[in-house]
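Colleague: Sharing a model prediction with you, sequence too.
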Amino acid sequence: MHGGTNPGPGYGNQNAKTHGIYASRWTPEDHERAGESQKLIGTLDTEIELVRVRIARILDTEASGGYPDAAFHTLLDRYVGRLCTLETQRNALNDGGPTEQIITIRGGFPGT
């Protein structure tokens, strides 16, 4: 029979789930990679960590054979370039000061 007798996908269906670098949600591994910067939501540091997580996803997917060579290099180049831009912006916002000043602003290393 045709005409809408199919009740649709079952509850919890993940047929449209997005995998790899394009996933919109962070996995537990992504949270581990990001570390403490999750407490700084909305900051440049969070954006830097997000780009690092995406680079790690690209490398993980490529290691499992998930990307053709051209797509892998294109994505990797794009995100490494973005990371360099964000790091440059962060350095400019901190007046290019030494690492010790940045650590002081953030409250120092844990346990010190």
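Modeller: That came through fine.
Colleague: now the helices: where do they sit in this protein?
Modeller: Using DSSP state H, the helices found in the chain span residues 28-34, 44-63, 69-93, 99-106.
Colleague: And the second one, what does it pack against?
Modeller: What that stands for is helix 44-63. On a contact count with 3 or more C-beta pairs under 8 Å, 6 or more residues apart in numbering; DSSP states H and E, helix 44-63 meets helix 28-34, helix 69-93. For glycine as for every other residue, the C-beta is placed from the backbone atoms N, C-alpha and C.
Colleague: Compare those helices and say which comes out lowest on pLDDT.
Modeller: Mean pLDDT is lowest for helix 28-34 among those, at a mean of 68.
Colleague: quick one: which of the helices of the chain is nearest Asn6?
Modeller: helix 44-63 (33.1 Å; C-beta to C-beta).
Colleague: In the closest one, which residues are buried?
Modeller: Buried positions in helix 44-63, judged by neighbour count with 16 or more other C-beta atoms under 10 Å: 45, 47-58, 61-62.
Colleague: repeat for stretch 73-85
Modeller: For stretch 73-85, by 16+ other C-beta under 10 Å, it's Leu75, Leu76, Tyr79, Arg82, Leu83.
Colleague: Specify which member of the residues you listed is nearest to Gly8.
Modeller: For those, the closest approach to Gly8 (C-beta to C-beta) belongs to Leu75, at 34.0 Å.
Colleague: still on that earlier bit, now the helices and strands packed on helix 44-63 in TSV, with distance to Gly8?
Modeller: Shown next, in TSV, are these (distance: least, C-beta to C-beta, whole Å):
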stretch	distance to Gly8
helix 28-34	30
helix 69-93	33
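Colleague: I'd like to know which of these is closest to Gly4.
Modeller: Closest of those to Gly4 is helix 69-93, at 38.4 Å (criterion: C-beta to C-beta).
Colleague: If anything else comes up later, I'll come back, but that's it for now.
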